[in-house]
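J.: test case, fold it:
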Amino acid sequence: MKTQPGSDVLLQCHSPTDADIKLVKWTKPDLKSESYVIFFREERMYDDAQHPSFKNRVELKDQQMKGGDISVILKNVTMNDAGTYECYVGYRGKPELMTSIYLKVEDSDSRPVKVKPGDDVTLPCRGSRAANIIVLKWIRPDLKSEGFVYFFRDEHSYKSYQHPSFHSRVELRDSEMKDGDVSVILRNVSIIDAGTYECHVGYGSSPELISSINLKVEDVDSQELTVRPGDDVPLHCRGPRDGDVIMLSWIRPDLRSEGFVFFVREKRSYEKYQLPSFHGRVELRDPEMKDGDFTVILKNVSVDDAGTYECHVGKSNTGSSKTHTPEHMSIVYLKVEDSGPTAGNIRVGGDKEVGVVVALWVSVVAALLFVAFGCFYLIKKRPAVQQIITYQQITHV
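T.: Sure thing, here's the model as predicted:
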């Protein structure tokens, strides 16, 4: 049987309709505990015999068990509920195994969630709708460092327990967590946010894994651009929208030489740090870099400009002028195609050189016509010349 986290699932079990049921117990052998999923004896339910993880989550489908129906409803399924469930019924002697069910919990949220740098993304997670949530923690197990993505306990969130890279970027989608909604919103996603996110919820006991999400950050600017010599081309890059960006650098790693394509620090560009070939040819599309727009315009492209361009952004630490290690935000593969004089001179958007090209073609055509006419004239006159020469030769002799 398959289900998803947060769902209610019916575990079916029936006994002979005419039997006098004295005892019903549902067990989960892989719990390796003496506690039960549910325990009923002599018309009474024993909550103290129930495993803590099933409290307030399991009930008989029919309290009167009419027709021998001893199915149970398991509410708000979690990942930890996956496993084998066994139904036993006792009449007067030893309880008999009536059915065995294997429950498979497939988290639909475990599939990759794809976003782009600069986006806000919701990481969905739903806990029990009825139980009081005491602890909520979102973690990144692949970070291998201390600190949570988000931590909540006893009606308070704790920023001091967060990993520094998530400060001021994560919040509950519903601050009241109504209906067990413990989803969080991660803002201003960057390349380094890609990875696995786990949601754990505690109701008084150890927090349980509820949801696992694989976040994939796909950079829309990781693309190949094809242009022609002389074109102006935008190299796209988008990063954090907040105002703590104090450094921007565009580089050409394939050049293997010192210097930048473009360099900005504290809202000031530095031409002296640029590679000489880019002097006077690169500028920000938006000088104010509003909404995290770090796109630059490369002007008057030449064949030598073909290659790889990377955008890196450095943010300041809170309350400090020092920057974090610059993050790789974007990569652009620039291809410059020069298919001849026409491709090099006639460009999208118009150009003064169009007139020069037209004039050149007119001159070529005129020259060809002139040569053709001359040849035709000589051919027409050739017999008369031969006659004169022959006559002179004869006269001379």
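
J.: what is the neighbour count of the residue nearest to residue 54 when sequence neighbours are not counted?
T.: Leaving aside its sequence neighbours, residue 54 sits nearest to residue 37 (Cβ to Cβ, 6 or more residues apart in numbering; 5.3 Å). All C-beta spots, glycine's among them, are computed from the backbone N, C-alpha and C. Residue 37: 22 surrounding residues under other Cβ atoms under 10 Å.

J.: is it true that residue 37 touches residue 87?
T.: No. Applying Cβ atoms under 8 Å as the test, residue 37 and residue 87 come out as separate, 9.3 Å apart.

J.: what sits in contact with each of those two?
T.: residue 26 (Cβ atoms under 8 Å, 6 or more residues apart in numbering).

J.: would you work out how far apart the start and end of stretch 170-187 are?
T.: Start-to-end span of stretch 170-187 (Cα to Cα, to the nearest Å) is 6 Å.

J.: run through who's touching it.
T.: Outside stretch 170-187, the residues that reach it (Cβ under 8 Å, 6+ apart) are 6, 76, 120-129, 131, 133, 136, 138, 149-150, 152, 157, 162, 166, 169, 193, 199, 201, 210, 215.

J.: show me the helices in this structure, by range?
T.: Along the chain, the stretches classed as helices by DSSP state H are 341-345, 353-396.

J.: for the closest residue to residue 149 other than its chain neighbours, which residues make a bridge with it?
T.: Among residues not flanking residue 149 along the chain, residue 138 sits closest, at 4.0 Å (Cβ to Cβ, 6+ apart). Following DSSP bridges, residue 138 is listed with bridge partners residue 150, residue 199.

J.: count the residues that sit near residue 138.
T.: Neighbours around residue 138, by other Cβ under 10 Å: 25.

J.: go on, residue 281?
T.: Residue 281, neighbours per other Cβ under 10 Å, totals 18.

J.: surely it touches residue 296?
T.: No. Contact status for residue 281 versus residue 296: not in contact, 9.9 Å apart, counting by Cβ under 8 Å.

J.: need the overlap of contacts for those two.
T.: With Cβ under 8 Å, 6+ apart as the test, residue 281 and residue 296 reach no residue in common.

J.: one step back: residue 227 versus the residue nearest to residue 149, what's the distance?
T.: Distance of residue 138 to residue 227, computed by Cβ to Cβ, to the nearest Å: 43 Å.

J.: with residue 102 instead?
T.: Relative to residue 227, residue 102 is positioned 58 Å away (Cβ to Cβ).

J.: more crowded one of these two?
T.: residue 227 (18 against 10).

J.: leaving out sequence neighbours, find the closest residue to that one.
T.: Per Cβ to Cβ, 6+ apart, closest to residue 227 is residue 233, 4.9 Å.

J.: try residue 98
T.: Nearest residue to residue 98 in three dimensions, chain neighbours excluded: residue 87, at 4.8 Å (Cβ to Cβ, 6+ apart).

J.: now swap in residue 29 and tell me
T.: Spatial nearest neighbour of residue 29, chain neighbours left out: residue 84 (5.8 Å); criterion: Cβ to Cβ, 6+ apart.

J.: now stretch 228-246: buried residues?
T.: 228-231, 233, 235-240, 245-246 (16 or more other Cβ atoms under 10 Å).

J.: re earlier: for the residue nearest to residue 227, give me its contacts.
T.: So, once contact is read as Cβ under 8 Å, 6+ apart, residue 233 ends up touching 225, 227, 297-298, 301, 334.
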